[in-house]
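Student: Just the structure for this:
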Amino acid sequence: MSQTVEMITGARLHFGFLAGARPAPGDTSDSEASSAWRSGRVFGGVGMMIDSPRIRLRVDATFPTAPTKDGGGHVAGPEGLPAEIVAPQPWRDRIGAVLKRFPVAPDASQRAFYRVVLQETIPPHVGLGAGTQLALAVAAATATLRGEPIDAQRLAQRAGRGLRSAIGLYGFLHGGLIVDAGKRPGDPVSPLAMRTALPESWAVVLACPSGSEGLSGQREQDAFAHLPPMPTDLTGRLCQLVLTGLMPAALQRSYFEFGEALFEFNRLVGKYFAPIQGGAYASEAAAEWVRFVRNRGVPAVGQSSWGPTLFAICPDGPTAERLAAATRDQPRWRDWSVAVTAPRNASAEGITATTS
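Tutor: Here you go, the predicted model:
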(Lines give C-alpha, C1' and ligand atoms only; values in the text may rest on other atoms or scores of the structure.)
Protein backbone atom coordinates (compact mmCIF):
# COMPACT_ATOMS: atom_id res chain seq x y z
CA MET A 1 0.00 0.00 0.00
CA SER A 2 1.17 3.54 -0.67
CA GLN A 3 0.00 6.92 0.54
CA THR A 4 0.79 10.35 -0.87
CA VAL A 5 0.64 13.81 0.66
CA GLU A 6 1.13 16.89 -1.48
CA MET A 7 1.96 20.08 0.42
CA ILE A 8 1.69 23.63 -0.87
CA THR A 9 2.74 26.69 1.10
CA GLY A 10 3.53 30.27 0.21
CA ALA A 11 6.44 32.55 1.05
CA ARG A 12 6.97 34.67 4.15
CA LEU A 13 7.59 38.39 4.40
CA HIS A 14 9.41 39.38 7.60
CA PHE A 15 8.83 43.02 8.57
CA GLY A 16 11.23 43.03 11.52
CA PHE A 17 11.88 42.01 15.12
CA LEU A 18 10.36 43.51 18.26
CA ALA A 19 13.46 43.00 20.42
CA GLY A 20 17.12 42.13 20.03
CA ALA A 21 19.01 38.89 20.45
CA ARG A 22 19.37 39.46 24.19
CA PRO A 23 17.43 41.57 26.71
CA ALA A 24 18.46 45.19 27.03
CA PRO A 25 20.31 46.00 30.27
CA GLY A 26 18.03 48.91 31.11
CA ASP A 27 16.90 52.37 30.14
CA THR A 28 18.80 55.29 31.66
CA SER A 29 15.75 57.54 31.49
CA ASP A 30 13.79 55.50 34.03
CA SER A 31 15.73 52.47 35.18
CA GLU A 32 13.10 51.34 37.70
CA ALA A 33 10.29 51.37 35.14
CA SER A 34 12.54 49.75 32.56
CA SER A 35 13.48 46.91 34.91
CA ALA A 36 9.84 46.31 35.77
CA TRP A 37 8.83 46.34 32.11
CA ARG A 38 11.49 43.99 30.76
CA SER A 39 10.05 40.54 30.09
CA GLY A 40 13.27 38.80 29.09
CA ARG A 41 11.77 37.93 25.71
CA VAL A 42 14.02 38.17 22.67
CA PHE A 43 13.32 38.62 18.98
CA GLY A 44 9.56 38.41 18.44
CA GLY A 45 8.42 40.18 15.32
CA VAL A 46 5.84 40.79 12.62
CA GLY A 47 5.35 39.34 9.15
CA MET A 48 2.85 37.96 6.69
CA MET A 49 2.39 35.17 4.19
CA ILE A 50 2.06 35.63 0.43
CA ASP A 51 0.77 33.26 -2.25
CA SER A 52 3.88 33.17 -4.43
CA PRO A 53 6.59 32.19 -4.87
CA ARG A 54 5.64 28.92 -3.20
CA ILE A 55 6.83 25.52 -2.08
CA ARG A 56 5.08 22.53 -3.63
CA LEU A 57 6.26 19.02 -2.89
CA ARG A 58 4.99 15.46 -2.77
CA VAL A 59 5.86 12.80 -0.21
CA ASP A 60 5.02 9.17 -1.04
CA ALA A 61 5.08 6.50 1.67
CA THR A 62 5.20 2.82 0.67
CA PHE A 63 4.23 0.23 3.30
CA PRO A 64 5.98 -2.00 4.17
CA THR A 65 9.46 -0.58 3.59
CA ALA A 66 10.69 -1.34 0.09
CA PRO A 67 13.60 1.02 -0.49
CA THR A 68 14.77 1.60 -4.02
CA LYS A 69 17.14 4.17 -5.33
CA ASP A 70 17.64 5.55 -8.80
CA GLY A 71 20.36 7.80 -10.11
CA GLY A 72 18.53 10.98 -9.16
CA GLY A 73 17.74 10.18 -5.54
CA HIS A 74 19.34 10.25 -2.17
CA VAL A 75 18.83 7.78 0.67
CA ALA A 76 18.77 9.23 4.17
CA GLY A 77 21.17 7.85 6.77
CA PRO A 78 20.38 4.94 9.09
CA GLU A 79 19.49 7.28 11.96
CA GLY A 80 16.53 8.60 9.96
CA LEU A 81 13.80 7.34 7.68
CA PRO A 82 14.82 5.45 4.52
CA ALA A 83 13.99 7.79 1.68
CA GLU A 84 14.61 8.80 -1.89
CA ILE A 85 14.81 12.54 -2.40
CA VAL A 86 14.26 14.02 -5.85
CA ALA A 87 15.46 17.61 -5.54
CA PRO A 88 18.47 19.70 -6.50
CA GLN A 89 21.05 20.83 -3.98
CA PRO A 90 20.98 22.45 -1.49
CA TRP A 91 17.37 21.36 -1.02
CA ARG A 92 18.21 17.65 -1.13
CA ASP A 93 20.36 17.81 1.99
CA ARG A 94 17.84 20.03 3.78
CA ILE A 95 15.03 17.57 3.11
CA GLY A 96 17.22 14.71 4.31
CA ALA A 97 17.96 16.60 7.54
CA VAL A 98 14.23 16.90 8.29
CA LEU A 99 13.59 13.21 7.65
CA LYS A 100 16.42 12.27 10.00
CA ARG A 101 14.59 13.94 12.89
CA PHE A 102 11.78 11.37 12.66
CA PRO A 103 12.40 8.17 14.65
CA VAL A 104 12.13 4.86 12.83
CA ALA A 105 9.00 2.97 13.91
CA PRO A 106 9.91 0.08 16.27
CA ASP A 107 7.37 -2.20 14.59
CA ALA A 108 8.72 -3.28 11.19
CA SER A 109 5.19 -3.60 9.79
CA GLN A 110 4.65 0.13 10.38
CA ARG A 111 7.82 1.24 8.64
CA ALA A 112 7.58 2.91 5.28
CA PHE A 113 9.90 3.97 2.50
CA TYR A 114 9.52 7.67 1.75
CA ARG A 115 9.99 9.36 -1.59
CA VAL A 116 10.10 13.17 -1.56
CA VAL A 117 9.72 15.07 -4.83
CA LEU A 118 10.27 18.83 -4.78
CA GLN A 119 8.11 20.34 -7.52
CA GLU A 120 8.29 24.10 -6.89
CA THR A 121 10.52 26.13 -4.62
CA ILE A 122 11.17 29.62 -3.30
CA PRO A 123 14.51 31.28 -4.15
CA PRO A 124 16.87 30.80 -1.19
CA HIS A 125 18.52 33.55 0.88
CA VAL A 126 16.47 36.43 -0.51
CA GLY A 127 14.34 37.17 2.58
CA LEU A 128 11.31 35.02 1.73
CA GLY A 129 11.72 32.23 4.29
CA ALA A 130 12.45 29.48 1.75
CA GLY A 131 14.32 27.15 4.11
CA THR A 132 11.68 27.35 6.82
CA GLN A 133 8.72 26.76 4.50
CA LEU A 134 10.47 23.82 2.84
CA ALA A 135 11.36 22.19 6.17
CA LEU A 136 7.84 22.71 7.54
CA ALA A 137 6.25 21.28 4.39
CA VAL A 138 8.41 18.14 4.55
CA ALA A 139 7.80 17.74 8.29
CA ALA A 140 4.03 18.26 8.01
CA ALA A 141 3.66 15.85 5.08
CA THR A 142 5.75 13.16 6.78
CA ALA A 143 3.91 13.58 10.09
CA THR A 144 0.58 13.23 8.26
CA LEU A 145 1.70 9.99 6.62
CA ARG A 146 2.84 8.66 10.01
CA GLY A 147 -0.42 9.64 11.71
CA GLU A 148 1.32 12.09 14.06
CA PRO A 149 -0.38 15.23 15.37
CA ILE A 150 0.73 18.51 13.85
CA ASP A 151 1.10 21.29 16.42
CA ALA A 152 3.46 24.26 16.49
CA GLN A 153 6.01 22.86 18.94
CA ARG A 154 6.19 19.39 17.40
CA LEU A 155 6.35 20.76 13.87
CA ALA A 156 9.14 23.19 14.77
CA GLN A 157 11.11 20.36 16.39
CA ARG A 158 10.73 18.04 13.39
CA ALA A 159 11.55 20.83 10.94
CA GLY A 160 14.45 22.16 13.01
CA ARG A 161 13.15 25.72 12.66
CA GLY A 162 11.97 28.54 14.94
CA LEU A 163 15.29 29.16 16.68
CA ARG A 164 14.73 32.92 16.48
CA SER A 165 11.56 33.79 14.59
CA ALA A 166 8.31 31.82 14.61
CA ILE A 167 6.62 33.99 11.97
CA GLY A 168 7.25 31.40 9.24
CA LEU A 169 5.97 28.62 11.52
CA TYR A 170 2.69 30.36 12.39
CA GLY A 171 2.36 31.61 8.83
CA PHE A 172 2.59 28.01 7.63
CA LEU A 173 -0.07 26.93 10.14
CA HIS A 174 -2.47 29.88 9.82
CA GLY A 175 -1.53 32.29 7.02
CA GLY A 176 -2.28 35.99 7.30
CA LEU A 177 -0.57 38.74 9.30
CA ILE A 178 1.42 37.26 12.19
CA VAL A 179 2.78 38.77 15.41
CA ASP A 180 5.38 36.60 17.18
CA ALA A 181 5.57 37.41 20.92
CA GLY A 182 9.25 36.52 21.31
CA LYS A 183 11.04 33.78 23.23
CA ARG A 184 11.92 33.57 26.89
CA PRO A 185 14.89 31.45 28.02
CA GLY A 186 13.90 27.80 27.72
CA ASP A 187 10.94 28.38 25.40
CA PRO A 188 11.04 25.86 22.53
CA VAL A 189 8.92 28.13 20.32
CA SER A 190 7.71 31.71 20.65
CA PRO A 191 3.98 32.01 21.36
CA LEU A 192 1.66 33.43 18.73
CA ALA A 193 0.62 36.86 20.03
CA MET A 194 -1.80 37.94 17.29
CA ARG A 195 -2.96 36.84 13.88
CA THR A 196 -5.43 38.36 11.46
CA ALA A 197 -6.36 38.00 7.82
CA LEU A 198 -5.46 40.76 5.39
CA PRO A 199 -7.96 42.13 2.86
CA GLU A 200 -8.17 39.89 -0.21
CA SER A 201 -8.24 42.98 -2.44
CA TRP A 202 -4.73 44.03 -1.39
CA ALA A 203 -1.82 43.02 -3.63
CA VAL A 204 1.93 42.78 -3.09
CA VAL A 205 4.76 43.80 -5.39
CA LEU A 206 8.06 41.97 -4.86
CA ALA A 207 11.26 43.53 -6.17
CA CYS A 208 14.53 41.65 -5.83
CA PRO A 209 17.92 42.88 -7.08
CA SER A 210 19.65 40.21 -9.16
CA GLY A 211 22.79 38.48 -7.98
CA SER A 212 22.61 39.39 -4.29
CA GLU A 213 21.69 37.42 -1.17
CA GLY A 214 20.73 38.23 2.39
CA LEU A 215 22.59 36.95 5.42
CA SER A 216 22.10 33.32 6.42
CA GLY A 217 23.81 30.53 8.34
CA GLN A 218 26.99 31.42 10.21
CA ARG A 219 27.10 34.95 8.77
CA GLU A 220 23.67 35.63 10.21
CA GLN A 221 24.63 34.17 13.60
CA ASP A 222 27.76 36.33 13.67
CA ALA A 223 25.70 39.41 12.84
CA PHE A 224 23.33 38.85 15.75
CA ALA A 225 26.26 38.19 18.08
CA HIS A 226 27.80 41.59 17.27
CA LEU A 227 24.63 43.68 17.53
CA PRO A 228 24.06 45.60 20.77
CA PRO A 229 20.88 44.95 22.77
CA MET A 230 17.87 46.72 21.28
CA PRO A 231 17.02 49.77 23.44
CA THR A 232 13.83 49.32 25.45
CA ASP A 233 12.39 52.58 24.12
CA LEU A 234 12.79 51.25 20.56
CA THR A 235 11.06 48.00 21.49
CA GLY A 236 8.30 50.06 23.09
CA ARG A 237 7.84 52.14 19.95
CA LEU A 238 7.77 49.03 17.74
CA CYS A 239 5.16 47.39 19.98
CA GLN A 240 3.09 50.58 19.87
CA LEU A 241 3.19 50.60 16.08
CA VAL A 242 1.96 47.00 16.01
CA LEU A 243 -0.72 47.30 18.70
CA THR A 244 -2.14 50.71 17.78
CA GLY A 245 -1.23 50.83 14.09
CA LEU A 246 -0.70 47.67 12.08
CA MET A 247 -3.16 45.28 13.69
CA PRO A 248 -6.18 47.58 14.11
CA ALA A 249 -5.62 49.00 10.63
CA ALA A 250 -5.60 45.48 9.17
CA LEU A 251 -8.74 44.58 11.11
CA GLN A 252 -10.52 47.73 9.92
CA ARG A 253 -9.13 47.49 6.36
CA SER A 254 -7.61 50.95 6.76
CA TYR A 255 -4.96 50.70 4.06
CA PHE A 256 -3.11 54.01 4.46
CA GLU A 257 -2.99 53.75 8.25
CA PHE A 258 -1.61 50.23 7.84
CA GLY A 259 0.92 51.37 5.26
CA GLU A 260 2.36 54.22 7.30
CA ALA A 261 2.65 52.05 10.42
CA LEU A 262 4.33 49.28 8.44
CA PHE A 263 6.79 51.64 6.76
CA GLU A 264 7.80 53.21 10.07
CA PHE A 265 8.10 49.82 11.81
CA ASN A 266 10.28 48.39 9.05
CA ARG A 267 12.42 51.55 8.82
CA LEU A 268 13.11 51.64 12.57
CA VAL A 269 14.10 47.97 12.64
CA GLY A 270 16.31 48.57 9.60
CA LYS A 271 18.09 51.43 11.37
CA TYR A 272 18.81 49.10 14.31
CA PHE A 273 20.45 46.67 11.86
CA ALA A 274 22.34 49.46 10.05
CA PRO A 275 25.73 48.48 11.60
CA ILE A 276 25.40 45.16 9.74
CA GLN A 277 23.70 46.10 6.47
CA GLY A 278 25.03 49.65 6.06
CA GLY A 279 21.77 51.54 6.48
CA ALA A 280 18.05 51.10 7.02
CA TYR A 281 18.02 48.91 3.89
CA ALA A 282 20.48 46.43 2.42
CA SER A 283 21.69 48.80 -0.32
CA GLU A 284 21.34 52.33 -1.60
CA ALA A 285 19.47 50.93 -4.61
CA ALA A 286 16.94 49.43 -2.19
CA ALA A 287 16.55 52.76 -0.39
CA GLU A 288 15.99 54.47 -3.77
CA TRP A 289 13.21 52.03 -4.64
CA VAL A 290 11.52 52.60 -1.28
CA ARG A 291 11.49 56.36 -1.96
CA PHE A 292 10.26 55.73 -5.52
CA VAL A 293 7.33 53.65 -4.25
CA ARG A 294 6.31 56.14 -1.57
CA ASN A 295 6.47 59.01 -4.07
CA ARG A 296 3.91 57.09 -6.13
CA GLY A 297 1.48 57.13 -3.19
CA VAL A 298 2.11 53.61 -1.88
CA PRO A 299 3.16 53.88 1.79
CA ALA A 300 3.40 50.18 2.72
CA VAL A 301 6.92 49.52 1.47
CA GLY A 302 10.00 47.97 3.04
CA GLN A 303 12.57 45.19 3.10
CA SER A 304 11.83 41.59 4.05
CA SER A 305 14.27 40.23 6.63
CA TRP A 306 17.90 40.79 5.53
CA GLY A 307 16.70 41.30 1.96
CA PRO A 308 17.50 41.75 -0.76
CA THR A 309 13.77 41.29 -1.52
CA LEU A 310 11.72 44.47 -1.14
CA PHE A 311 7.95 44.55 -0.90
CA ALA A 312 5.20 47.07 -1.55
CA ILE A 313 1.72 46.23 -0.30
CA CYS A 314 -0.82 47.96 -2.52
CA PRO A 315 -4.54 48.67 -1.94
CA ASP A 316 -5.57 46.75 -5.05
CA GLY A 317 -4.30 44.70 -7.98
CA PRO A 318 -4.27 47.46 -10.64
CA THR A 319 -2.13 49.69 -8.39
CA ALA A 320 0.30 46.81 -7.90
CA GLU A 321 0.49 46.08 -11.63
CA ARG A 322 1.18 49.74 -12.43
CA LEU A 323 3.91 49.88 -9.78
CA ALA A 324 5.51 46.69 -11.10
CA ALA A 325 5.45 48.05 -14.66
CA ALA A 326 6.93 51.38 -13.55
CA THR A 327 9.74 49.55 -11.76
CA ARG A 328 10.55 47.45 -14.82
CA ASP A 329 10.60 50.60 -16.97
CA GLN A 330 13.38 52.17 -14.90
CA PRO A 331 16.84 51.37 -16.40
CA ARG A 332 18.41 51.23 -12.93
CA TRP A 333 16.11 48.34 -11.94
CA ARG A 334 15.72 46.63 -15.31
CA ASP A 335 17.68 43.54 -14.21
CA TRP A 336 15.64 43.13 -11.01
CA SER A 337 13.12 40.35 -10.56
CA VAL A 338 9.71 42.02 -10.18
CA ALA A 339 6.46 40.15 -9.51
CA VAL A 340 2.94 40.73 -8.21
CA THR A 341 1.38 38.38 -5.70
CA ALA A 342 -1.39 38.35 -3.08
CA PRO A 343 -1.65 37.96 0.69
CA ARG A 344 -2.06 34.34 1.74
CA ASN A 345 -4.64 34.11 4.51
CA ALA A 346 -4.89 30.32 4.58
CA SER A 347 -2.69 27.65 6.13
CA ALA A 348 -0.51 25.38 4.03
CA GLU A 349 -2.52 22.95 1.90
CA GLY A 350 -2.13 19.22 2.41
CA ILE A 351 -3.76 16.80 -0.04
CA THR A 352 -3.72 13.09 0.85
CA ALA A 353 -4.30 10.13 -1.48
CA THR A 354 -4.10 6.35 -0.86
CA THR A 355 -3.51 3.56 -3.37
CA SER A 356 -3.41 -0.17 -2.78
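
Student: where are the low-confidence patches of this protein?
Tutor: 21-39, 64-80, 109-110, 213-221, 223-224, 355-356 (pLDDT under 70).

Student: For it, which segments count as helices?
Tutor: 31-37, 91-99, 130-146, 152-159, 167-174, 217-226, 232-241, 247-251, 255-272, 274-277, 284-295, 317-329 (DSSP state H).

Student: just these: most buried one?
Tutor: Of all the helices of the chain, helix 167-174 carries the top mean neighbour count, a mean of 27, counting by mean count of other Cβ atoms under 10 Å. Heads up, the C-betas are built off the backbone N, CA and C, glycines and all.

Student: quick one: Val301 and Ser210, what's the gap?
Tutor: Separation of Val301 from Ser210 (Cβ to Cβ, to the nearest Å): 20 Å.

Student: of those two, who's got more company?
Tutor: Val301 (25 against 10; other Cβ atoms under 10 Å).

Student: you'd agree the more buried one is up against Val290?
Tutor: Yes. The criterion here is Cβ atoms under 8 Å, and Val301 meets it with Val290 at 5.2 Å.

Student: hey, what's in contact with both of the two?
Tutor: Counting by Cβ atoms under 8 Å, 6 or more residues apart in numbering, the residues touching both Val301 and Val290 are Leu310.

Student: can you give me how far the lengthiest strand in the chain is from the chain middle?
Tutor: Longest strand of the chain, by residue count under DSSP state E: strand 45-62. Here strand 45-62 is found 10 Å from its chain centre; the criterion is Cα atoms, centre = their mean, to the nearest Å.

Student: which other helices and strands contact it?
Tutor: Under the contact definition 3 or more Cβ pairs under 8 Å, 6 or more residues apart in numbering; DSSP states H and E, strand 45-62 sits against strand 2-16, strand 113-120, helix 130-146, helix 167-174, strand 177-180, strand 337-341.

Student: Count the neighbours of Ala342 for me.
Tutor: Neighbour number of Ala342 under other Cβ under 10 Å is 17.

Student: Setting the sequence-adjacent residues aside, check what's closest to it.
Tutor: Among residues not flanking Ala342 along the chain, Asp51 sits closest, at 4.8 Å (Cβ to Cβ, 6 or more residues apart in numbering).

Student: Next, count neighbours for Thr4.
Tutor: Thr4: 18 neighbours (other Cβ under 10 Å).

Student: What values do phi and psi take at Asp198?
Tutor: No, residue 198 isn't Asp; it's Leu. Torsion angles at Leu198 (phi, psi; degrees, to the nearest 10) stand at phi -100, psi 150.

Student: Not counting its own residues, what contacts stretch 279-299?
Tutor: Counting by Cβ under 8 Å, 6+ apart, 205, 207, 209, 212, 214, 256, 259-260, 262-263, 267, 270-271, 274, 301-303, 306-308, 310, 312-314, 319, 323, 326-327, 330, 332-333 sit against stretch 279-299.
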